[in-house]
Each structure stands twice: as C-alpha cells, then as structure tokens.
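Engineer: Just need the structure, nothing else, for what follows:
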Amino acid sequence: MTQIIIGENEGIESALRRFKRKVSHAGIFPDMKKSRYFETPEQKRKRKEVARHRQRKRSFRN
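Structural biologist: Residues are numbered from 1 along each chain as shown. Reported below is the predicted structural model:
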C-alpha cells in the first residue's frame, strides 16, 4: 500500500502530486485496469512490449 507523510507546512496539492507520482511508479493503475477491463490479445502484446522497453531502458540507466 502506498502512503505519504504530509509535512507540517506542506500544501494538499503538493502532497497529492507526490502521492500520484508514488502510485504511478508502483504500477498500481495499470494493475487495476488489467483486472477491471477485458484486454484483447493485441492490447496485451502492446502492453508487454512497452513494459519490456521500459525495463530495458531502466537497466541501461543503472
């Protein structure tokens, strides 16, 4: 579960932005969409291709 700790003088907008960024990096939204909607074989192939590309890009950075 993703959570953030709000600083004493931090605005709600910046906290919400940080939360959205953490959720995005954790991959929660794609996981929700995957279980909520039917995915055609073409969409599945495309999603896996994009994931491979991201993984390859991430491995080159480190």
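Engineer: Show me what the one helix or strand in the chain whose mean pLDDT sits lowest is in contact with.
Structural biologist: Lowest mean confidence among the helices and strands of the chain (mean pLDDT, DSSP states H and E): helix 28-36, at a mean of 78. Helix 28-36 is contacted from outside by 2, 23, 47, using C-beta atoms under 8 Å, 6 or more residues apart in numbering. Placement of C-beta: from N, CA and C, glycine included.
Engineer: From these, pick the one nearest residue 41.
Structural biologist: residue 47 (10.7 Å; C-beta to C-beta).
Engineer: before we move on, which element is residue 49 in?
Structural biologist: Residue 49 belongs to helix 41-61 when assigned by DSSP states H and E.
Engineer: which other helices and strands contact that helix?
Structural biologist: Applying 3 or more C-beta pairs under 8 Å, 6 or more residues apart in numbering; DSSP states H and E, we find helix 41-61 packed against no helix or strand.
Engineer: Might you report the residue contacts of residue 45?
Structural biologist: So residue 45 contacts nothing (C-beta under 8 Å, 6+ apart).
Engineer: what's the distance between it and residue 16?
Structural biologist: 34 Å (C-beta to C-beta, to the nearest Å).
Engineer: Can you classify residue 23 as helix, strand or coil?
Structural biologist: Secondary structure assignment for residue 23 (DSSP: H, G, I helix; E, B strand; the rest coil): helix.
Engineer: Kindly confirm whether my reading is correct that it touches residue 2.
Structural biologist: Yes. At 5.3 Å, residue 23 counts as touching residue 2 under the criterion of C-beta atoms under 8 Å.
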